[in-house]
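> got a predicted model here, sequence first, then my questions.
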Amino acid sequence: MCIKDKAWWKESVVYQIYPRSFKDSNGDGVGDLNGITEKLDYLKELGIDVIWLSPVYQSPNDDNGYDISDYQAIMKEFGTMEDFDRMLAAAHDRGIKILMDLVVNHTSDEHPWFVESRKSTDNPYRDYYIWRPARDGKEPNNWGSCFSGPAWQWDEQTQMYFLHLFSKKQPDLNWDNPRVRREVFDMMNWWLKKGVDGFRMDVISLISKEPDLPDGPAELNGYASFNMPANGPHVHEYLQEMRREVLNNADTLTVGECSGVTLEEAKKYANAEGTELNMVFQFEHMDVDAEAGNKWTDKKMRLSEMKEVLTRWQKGLEGIAWNSLFWENHDQPRSVSRYGNDGEYREASAKMLATCLHLMQGTPYIYQGQELGMTNVPFSSIDDFRDLDSVNAYHELVGQGVFTEEQMLKYLRRKSRDNARTPFQWNSGSQAGFTAGTPWIMVNPNYKEINAEEQMNRPDSVFHYYQKLIRLRKEREIVVYGSYDLLLPESEEIYAYTRTLGDEKLLTVCNFTDHEVRYEVPEEFRGGDCLISNYDAPELNESVTLRPYEAFAAEKKE
Ligand code: GLC
Ligand code: CA
C-alpha cells in the first residue's frame, strides 16, 4: 500500500528532557548535559527517536532557562559547549535526534540586546524590543502577563514601558524589526550547522503583535489574557520566511508551541505543503479542567468534553496538517494524577492514558518520568515551590483575598508546573539517584516505589508498556497513518476510537474510571486479536467487562 506524504517525524516518538531535573552528574543538585549523556542508553532502551531538550542556553534562570541571555552559549550549571557537542554526538551514535528549544518571543533582560535597548531611545538596539510611552500615567494597554500582573514594566532610564508577556525579566522581542528576524535566523542556522535536528518553538504563536497593541477584553484581575496577541497579523509571513531562510537548509522536525491557536490557524502553521512548521502543540485539551482559561480551580475533566476536543483536532487536521499528541510537559501537572488515579490504580491508569494517546494520529511526546507513571508531588508549603508562575500566583491571589493560603496550596498541588519538575526518579537510593548532593527542588517522596530501576527490572511495569507502545508504532503503519474515528461520543466512562488504513482497522478502548464498565464490542472486532492491553488480554466476544482503567487495542479479524 502506498501512503501519501510519509515522513520520519510522523513516525517518531519524541521524549522531552527538562535538563535541570533529569540527571545531575557532578553533585551540585542541578541536572546537566553530562547527566543526559550518561542516560542516553536508558532512552535508547525505551525506544524513543527524538529528544526535545528544554533550554540549555545561558540564562539568569528567572524562568528556568526560558529567559535566555546568550543563544549561542551553554548555561554554566549545565556544562560547556564541549559537553553539548559530546551529548549530541552520543545521541546521534544511538540514532537519537536532538531538538533545541527555540525561545525567541522574548529574551532575558540580561541579554546584551536588551541591555543596549534600554540605554536610550536612539540606541541601535532600541527597536529590538517593544517600547511604549505611558497612557494616562499608566500601562500602554491592559494586557496581562502570563505570570500575574500587567504585561508592561516601567523603565526609569528612558521613561517608557517595555512589553513582557511573561516575567518582567523576559522582554518581548520586536519581530517586525527585520534585524531581529535576521539575528534569530542566523542563530538557528548556527545550531543546524552544529547538527541539531530541529526546534520546539516556544510560544511562537505570540511573536507578531497588532501594530497598535489594542486593549483586550479584560479577564483575570482586570487584565486581558496573555494569549491576546496570539496568531498576530504577520506570524505566518515570519514563519514562512524562517522556512526559506533556515528550515529548508536541513531535514528538521519543527513543532510550534501555539498557545491560543485555533484549528483554522493550526492548518496554516502545520500545513501539509510544509511552508511553515511540521506540527503544533495546541492546548484546548489542557483547558478541559480549567475555568475560562483559569487553571487554579477544582474543576474535573469531563471525558465527553475531552473527547470532543481531541476528536475535533484529529478530524480537523486529517490530511491537511499534522497533530502532536501530549498529556504532559514541563508546564503541566502529572497526567496520572490529573486524569488517572495515582493511588491504587496508578500503573493501570498510567498505561491506559498512554494507550489512549499513542494510538491516535499524530506524533506522541513523552515527558520525562511519564514513562514511569510519576505523580504529582505532596508539596507542603509555598516554600517548597520554585516556579515563578506558582509563586507569583500564590502571592497575588492570596494577597488579594481571592483564595486562602490553604485553598491556593491545594490548587498548586493540583496544577503547579513544579509537579512535573521534581527530579527524575532513577532508583530507590538517596535523592532517587538524581544527585549526590542536595537537589534544587525536593524529590517526590514516592521514589522508593516509583523509579526507573525497579521498573526496568519488572516486565509488567509502566516503562515496559511504553516500550511496547513505541514498538507497535514502528511495526504497524496504521498506528501512524490510519484515519481516526470516535465511537461512543457521549460516554463519560469509555474513550473508544478506531483507526483505518485501507482494509485494516484498529480499535482502541480505554476505561477512564476506577470501576468495571461493560463495553459492547463492534461486530467487526469480535474474535479479533488484541495487540496490546494493560491487563491480561480480554476475549473479544459480544461484550467485554472492562476492569478499572483497562485499555486495549485490537485488530479486526481477517
Ligand atoms: C512556554 C514555556 C514555559 C515558559 C514560557 C515563557 O510556555 O513552555 O515554560 O515559562 O513559554 O518562555
Ligand atoms: Ca550538575
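Now that the structure is in, tell me what you want to look at. Residues are numbered from 1 along each chain as shown. Ligands and ions are numbered 1, 2, ... in the order given.
> tell me which element the residue of the stretch 101-250 of the chain at minimum distance from ligand 2 is part of?
Using C-beta to the ion, residue 101 is the residue of the stretch 101-250 of the chain that sits closest to ligand 2, at 18.8 Å. Glycine gets a C-beta too; all of them are placed from N, C-alpha and C. Using DSSP states H and E, residue 101 sits in strand 97-102.
> could you do residue 238 as well?
helix 235-245.
> outside of that helix, which residues touch it?
Counting contacts by C-beta atoms under 8 Å, 6 or more residues apart in numbering, the residues outside helix 235-245 that touch it are 175, 181, 184-185, 188-189, 204-205, 207-208, 256, 268-269, 274-277.
> give me the sheet partners of the next helix-or-strand element following that helix and which way each runs.
Downstream of helix 235-245, the next assigned helix or strand under DSSP H and E is strand 253-257. Neighbouring strands of strand 253-257 in its sheet, by DSSP bridges, are strand 198-201 (parallel), strand 279-281 (parallel).
> could the ones you listed go into CSV alongside mean pLDDT and distance to ligand 2?
Shown next, in CSV, are these (pLDDT from 0 to 100; distance: least, C-beta to the ion, whole Å):
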stretch, mean pLDDT, distance to ligand 2
strand 198-201, 98, 23
strand 279-281, 98, 28
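> give me the number of neighbouring residues for residue 95.
8 (other C-beta atoms under 10 Å).
> so it, which of the three states?
Under DSSP: H, G, I helix; E, B strand; the rest coil, residue 95 falls in the coil class.
> so what's it up against?
Neighbours of residue 95 in contact, by C-beta under 8 Å, 6+ apart: 44, 49.
> what's the distance between it and residue 173?
For residue 95, the distance to residue 173 (C-beta to C-beta, to the nearest Å) stands at 35 Å.
> separation between the one residue in the chain that gets nearest to ligand 1 and residue 107?
Relative to ligand 1, the nearest point of the chain is residue 66 (3.4 Å; C-beta to the nearest ligand atom). For residue 66, the distance to residue 107 equals 10 Å [C-beta to C-beta].
> which residue is the nearest non-sequential neighbour of residue 529?
Excluding its sequence neighbours, the residue lying closest to residue 529 (C-beta to C-beta, 6 or more residues apart in numbering) is residue 555, at 5.2 Å.
> can you read off the backbone torsions of the spatially closest residue to residue 366 that is not a sequence neighbour?
Nearest non-adjacent residue to residue 366, counting by C-beta to C-beta, 6+ apart: residue 15, 5.0 Å away. Note on residue 15: backbone dihedrals following degrees, to the nearest 10 are phi -120, psi 120.
> name the element residue 92 belongs to?
helix 81-93.
> how about the residues of the stretch 201-350 of the chain near ligand 1?
202, 203, 257, 330, 331 (C-beta under 6 Å from any ligand atom).
> got the angle between the helix holding residue 238 and strand 97-102?
Calculated by axes from the mean of the first three to the mean of the last three C-alpha atoms, to 10 degrees, helix 235-245 forms an angle of 130 degrees with strand 97-102.
> could you dump the residues of the stretch 201-350 of the chain next to ligand 1 into JSON lines with neighbour count and secondary structure added?
Compiled in JSON lines, these are given as follows (neighbours: other C-beta atoms under 10 Å; DSSP: H, G, I helix; E, B strand; the rest coil):
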{"residue": "202", "neighbour count": "21", "secondary structure": "coil"}
{"residue": "203", "neighbour count": "25", "secondary structure": "coil"}
{"residue": "257", "neighbour count": "23", "secondary structure": "strand"}
{"residue": "330", "neighbour count": "20", "secondary structure": "coil"}
{"residue": "331", "neighbour count": "19", "secondary structure": "coil"}
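> save those as JSON lines, and put in distance to ligand 2 and pLDDT too.
Conversion of those to JSON lines gives the following (distance: C-beta to the ion, whole Å; pLDDT from 0 to 100):
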{"residue": "202", "distance to ligand 2": "23", "pLDDT": "98"}
{"residue": "203", "distance to ligand 2": "28", "pLDDT": "98"}
{"residue": "257", "distance to ligand 2": "26", "pLDDT": "98"}
{"residue": "330", "distance to ligand 2": "18", "pLDDT": "98"}
{"residue": "331", "distance to ligand 2": "23", "pLDDT": "98"}
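> pull the most distant pair out of those residues.
203 and 330 (13.4 Å; C-beta to C-beta).
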